[in-house]
Structures are given as structure tokens and as C-alpha cells.
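Asker: Pasted the sequence and its predicted model underneath.
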Amino acid sequence: MSPTPRTVIRAADWTLRVETAEGAPQAIYSALCITCGAESPAVDDTRLPIEIWTLKHTGLNPSHRQFQPRTLGFWRVDPAPGNPYAERRQRM
């Protein structure tokens, strides 16, 4: 089976921005304990539960004092004005 041909637009402008679609979180936060590899649950939009988790984890394991904070964000790429894909989008 041969691949389907696609149009390649080499000089089209695109815009990159933070995803703001309805329901999309601003960020997802979690933390990883460097000592034992325990990982906090992932939480949308607020770091506070993760900060509390790290403090409680150290309270239960006093030698566990280093954590890797993790923040997952979301981006979106859209065609800029003048990009043929922007024109297609308006016609749909």
C-alpha cells in the first residue's frame, strides 16, 4: 500500500499560542520524589495539592527532601492570516 500524497506548504505562516479551548487546563502539575520515585497525583490548574503532597511525603520519610516538579502545558498551532489553511478554515 503506497502512502497518500499530501500538499506541502513550505512558506506558510503559523501562530503558536497557549491552548485556551473550553475545558483545556492551564497546566497539569505533579511531583516526583528523587529518593524513592514516588509520584504525586496529577492535578489541573493549581500547585497547592502537589506542594502539600511533597511536604507530607517528607514528613513520612524525613530523608526524602528532593523532588522534581512537573508542569505540563498545552499549546495550539493555528494558520496565520494569509496561510492557505486559514482560508480553507473560513470556507468550511
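Answerer: Nice, thanks for sending it over.
Asker: which non-adjacent residue is nearest the residue nearest the centre of the chain?
Answerer: Note on the chain: the residue nearest the mean C-alpha position is G73, at 2.6 Å, using Cα atoms, centre = their mean. Distance criterion Cβ to Cβ, 6 or more residues apart in numbering; nearest residue to G73, sequence neighbours excluded, is A27 at 5.1 Å. All C-beta spots, glycine's among them, are computed from the backbone N, C-alpha and C.
Asker: Please list all residues in contact with that neighbour.
Answerer: Listed by Cβ atoms under 8 Å, 6 or more residues apart in numbering, the contact set of A27 reads 44-45, 71-73.
Asker: What lies in contact with the longest helix anywhere in the chain?
Answerer: When every helix of the chain is counted residue by residue (DSSP state H), the longest turns out to be helix 48-60. For helix 48-60, contacts defined as Cβ under 8 Å, 6+ apart pick out 29-31, 33, 38, 40-41, 43, 64-65, 67, 69.
Asker: please redo it, this time with the cut-off set to 10 Å
Answerer: The contact list for helix 48-60 (Cβ atoms under 10 Å, 6 or more residues apart in numbering) reads 28-33, 35-36, 38-43, 64-67, 69-71.
Asker: Name the residues of that helix that come out as buried.
Answerer: Of the residues in helix 48-60, 50, 53-54, 57-58 count as buried by neighbour count, 16 or more other Cβ atoms under 10 Å.
Asker: Tell me which stretches of the chain form helices.
Answerer: 48-60, 84-91.
Asker: Tell me which of these sits nearest to V18.
Answerer: Shortest distance between V18 and the helices of the chain, using Cβ to Cβ, is found for helix 84-91: 19.2 Å.
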